[in-house]
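Undergrad: Structure for this input, please:
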Amino acid sequence: QVQLVESGGGLVQAGDSMRLSCAVSGRTTWFIYSLGWFRQRPGKEREFVAAIKKSDGTQEYVDSVKGRFTISTNGARDTVWLQMDTVAPDDTAVYYCAARTTSGITTSVNEYDYWGQGTQVTVSS
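TA: Numbering: from 1, shown residues only. This next block holds a predicted model:
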């Protein structure tokens, strides 16, 4: 099993920065091939934000956050961050960390095996 615990959410003003963290733990973390961040905006379905492959650090982003958000991990691959710069009100959402145990990197919600409980990010205008 894998446990994912997000932290770092809260209220931030438009144009400012915020960093989300996700602690990854469990007995089978070595099965994890990639880690991702998703978000669910009010009244909408959960959507992909960013992902990173553990083996080589390959990253992928949704177009709406390219150039503003950065996903990264530490050397031990037990923490994944989402650095959010120049945030906008449309970034308001519950942000979820997710882990995938199958090789490759994907943007599909259905292809991630473990999820955190989510952390609320609210951007005020």
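
Undergrad: Does the residue sitting nearest the centre point of the chain lie in a helix or a strand, and which?
TA: In the chain, the C-alpha closest to the average C-alpha coordinate belongs to Trp37, at a distance of 1.9 Å (CA atoms, centre = their mean). Trp37 belongs to strand 34-40 when assigned by DSSP states H and E.

Undergrad: Follow the chain on from that strand and name the next helix or strand.
TA: Scanning forward in sequence from strand 34-40 by DSSP H and E, the next helix or strand is strand 47-53.

Undergrad: what element comes up after that following strand heading to the C-terminus?
TA: Strand 47-53 is succeeded, C-terminally, by strand 59-61 (DSSP H and E).

Undergrad: and that following strand, which residues are buried?
TA: In terms of neighbour count (16 or more other CB atoms under 10 Å), strand 59-61 has its buried residues at Glu60, Tyr61. (Glycine included, C-beta is placed from N, CA and C.)

Undergrad: So which residues make contact with it?
TA: The contact list for strand 59-61, computed with CB atoms under 8 Å, 6 or more residues apart in numbering, reads Val49, Ala50, Ala51, Ile52, Lys53, Phe69, Ile71, Ile105, Thr107.

Undergrad: Lowest pLDDT pick from those?
TA: Across the contacts of strand 59-61, the smallest pLDDT goes to Ile105, namely 90.

Undergrad: and it, that one's in a strand?
TA: No - counting by DSSP: H, G, I helix; E, B strand; the rest coil, Ile105 is located in no strand; its state is coil.

Undergrad: Report the separation between it and Gly15.
TA: For Ile105, the distance to Gly15 (CB to CB, to the nearest Å) stands at 30 Å.
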